[in-house]
Structures are given as structure tokens and as C-alpha cells.
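S.K.: This is a predicted model, with the sequence first.
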Amino acid sequence: MDLPPILFSDETLLVLDKPPGLPVVAASERKGETSLSGLVQAHYDRDTKPVHRIEPEAGGPVVFSRSKQSLDFLSGQFQSKTAEVVWAAIVVVLPPAQASRPAKVVRDEQGRPPEEFTLDWPILAAEGLSGLWRIGRRQEGRAAVTSVRRLEQFGRFALLECTAPTAPLHQVRLHLSTAGLPLLNDTLYGAEGVELRLSDLKRGYKGRADERPLIRDLALHGVRLTLKHPVTREPLTVESPLPKDFEVALKNLRKFSPGR
């Protein structure tokens with residue numbers, strides 16, 4: 001497998017555009033299991049190490065350090081939550097009654113969530129469910145804040161921009177699901193049985209019997225990452241374009257969705 005596109009590179013750090021479905025670090029050491037770290041190790045020296053992780057199902061910028069000094073400085077920003085990741089998310093807009101915390105998801109007359117809102121529920125590991133997280137009480141779990149902007153509404157779907165300062169894995173998807181706005185194609189926290197197909201949007205659609213969803217990956221993509229450069233100490237922002245199927249899905253939602 002080829003190395004993903006390079007978004008930024010110099011002698012101190014490397015930023016790669018991770019595709020969905022590729023883990024940053026392999027879940028096990030089984031021979032042949034592909035990870036972004038493994039691909040990087042095959043192209044660079046062993047001092048090039050990942051600074052943070054994003055979930056395997058999502059795509060977007062991932063930062064690698066190229067020295068011990070760089071690793072310490074960059075990882076410190078992620079630990080102190082001074083780095084920032086902005087996510088694009090296509091969500092399923094459920095009725096408020098289906099939200100776990102309905103007070104945060106007041107809808108207008110057209111059923112739309114607020115134009116801007118903040119989800120500030122702590123999260124912690126779900127007991128007995130390996131790799132899953134749950135919303136905690138104020139006195140438990142780790143603090144987690146997700147700022148959300150509604151960019152576009154497409155009937156029962158919406159495009160959101162979510163900003164989370166170095167969010168832990170699953171924060172954005174768990175917050176949105178709890179608010180009744182689960183990510184499209186989220187097999188862990190999402191709405192079961194919901195797919196986005198052209199036949200559901202376009203009247204009189206005469207496609208193939210084996211029609212596939214417009215987007216099959218988790219509809220979450222890191223579009224922008226900002227941190228301080230380890231040498232210049234100046235802000236560094238890298239951007240990642242939306243995957244092709246993400247763009248195709250949005251194009252059809254904008255063209256055919258009712259109530260646009």
C-alpha cells in the first residue's frame with residue numbers, strides 16, 4: 001500500500017492525509033496488518049512516530065514527529081488541548097425524543113438543530129465493552145467539549161462542522177449520537193439501518209437493482225488541523241480535502257433533497 005498524500009513535511013514533523021479504514025496504529029502485531037504507522041516506518045527512519053490518533057473509520061490529517069524534541073513539543077499540545085481539529089460530519093437528524101440528552105438539541109419548526117451549539121459532556125470507557133465509550137456524570141470521566149455549527153440541512157440529514165481541541169477517540173461521534181444527531185454509517189453509535197442512497201433522494205430514479213449507498217464510510221472527516229510548529233512556535237494549519245464519495249454525497253443531497 002502506498003503512503004497517503006503528504007499535507008506538510010519538514011525536518012521536524014510530517015502530516016499525512018489518512019484515508020478512512022486505515023488505523024494509525026495496528027490493533028495487533030499480526031504479520032501483514034497494515035497501519036499508517038507501519039507505512040511511515042517503511043518510508044522514513046524509526047524516529048518518525050505518530051503524535052496523536054484519529055479513529056480508523058475516519059479520515060483526515062495525522063501528525064508524525066521526526067525527532068524526540070519535536071515529539072515532546074507536539075504531544076504536549078495534544079495533551080494540553082491547545083491543538084485543534086475541525087471535522088466535517090454528515091449526520092442523521094433524529095426526532096428530539098430519540099436524543100439521550102434532549103435539552104441540548106432544541107429544534108426549530110422545520111426540525112433543524114440550532115445553527116450553533118456546544119456539547120460538553122464528559123466521556124469515559126464503557127465497562128465490559130472493549131473500545132467503546134459512554135457519557136459520564138460531571139464528576140467522572142474526562143472533560144470533553146465539542147463545538148458544533150450546522151452548515152446545511154437536507155431533510156433528515158445535515159452537514160455539521162465540529163470543532164474539538166484534540167478530542168479523544170470517539171468524542172465527536174459519541175457527543176453527536178447522544179444529541180440525537182448520529183453520524184451517517186456509524187456502526188458503533190449510529191442509527192441502525194439508515195443509509196444514503198440516490199434512489200431515496202431522486203424522484204423516478206431508475207438505477208440498478210444492486211444500487212450502493214452514496215457514501216459507505218463513516219461520514220466524519222478531519223478537514224483542518226492547527227498546532228504550533230515545534231521550531232518556529234508559529235501556528236501551523238493544514239487542510240484535508242473531503243474524500244470523493246463524501247463530495248458526491250453532498251452534491252446529490254444539495255441537488256435532490258426535499259426542503260432545500
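M.R.: Arrived safely, thanks for sending. Numbering: from 1, shown residues only.
S.K.: Distance check, the nearest residue to Gly38 once chain neighbours are set aside against Gln69.
M.R.: Closest residue to Gly38 apart from its sequence neighbours, by CB to CB, 6 or more residues apart in numbering: Ala26 at 6.4 Å. In this view, the C-beta of every residue, glycine as well, is placed from N, C-alpha and C. Using CB to CB, to the nearest Å, we find Ala26 at a distance of 26 Å from Gln69.
S.K.: More neighbours: the two, which one.
M.R.: Neighbour count, other CB atoms under 10 Å: between Ala26 and Gln69, Ala26 has more, with 15 against 12.
S.K.: Contact partners for the more buried one?
M.R.: 33-35, 37-38 (CB atoms under 8 Å, 6 or more residues apart in numbering).
S.K.: Among these, which ones are in helices?
M.R.: Mapping those onto helices (DSSP state H) picks out 37-38.
S.K.: any idea which of the contacts of Ala26 is closest to Thr237?
M.R.: Ser37 (23.4 Å; CB to CB).
S.K.: Would you confirm that the closest one contacts Val25?
M.R.: Yes - here Ser37 lies in contact with Val25, judged by CB atoms under 8 Å, at a distance of 5.1 Å.
S.K.: what touches both of the two?
M.R.: By CB under 8 Å, 6+ apart, Ser37 and Val25 have these common neighbours: Pro50.
S.K.: Those two - which one has more neighbours?
M.R.: Neighbour tally, Ser37 and Val25, criterion other CB under 10 Å: the higher count belongs to Ser37, 18 against 12.
S.K.: Can you show me the helices along the protein?
M.R.: All helices of the chain, identified by DSSP H, fall at 36-43, 68-80, 171-178, 198-201, 244-256.
S.K.: Val238: which of those helices is closest?
M.R.: Of all those, it is helix 68-80 that lies closest to Val238, at 12.9 Å by CB to CB.
S.K.: And Pro113, how close does it get to Trp133?
M.R.: To Trp133, Pro113 is 22 Å away according to CB to CB.
S.K.: Of the two, which one has the most company?
M.R.: Each of Pro113 and Trp133 has its neighbours counted (other CB under 10 Å); Pro113 has more, 24 against 21.
S.K.: from what I can see that one touches Pro96, true?
M.R.: No - counting by CB under 8 Å, Pro96 is not a contact partner of Pro113; they are 9.2 Å apart.
S.K.: List the residues that contact His229.
M.R.: When contacts are counted by CB under 8 Å, 6+ apart, His229 touches 12-13, 235-236.
S.K.: same for the lowest-mean-pLDDT helix or strand in the chain, what does it pack against?
M.R.: Of all helical and strand segments in the chain, the minimum by mean pLDDT, DSSP states H and E falls on strand 123-125, at a mean of 86. Other elements packing on strand 123-125 under the criterion 3 or more CB pairs under 8 Å, 6 or more residues apart in numbering; DSSP states H and E are strand 133-135, helix 171-178.
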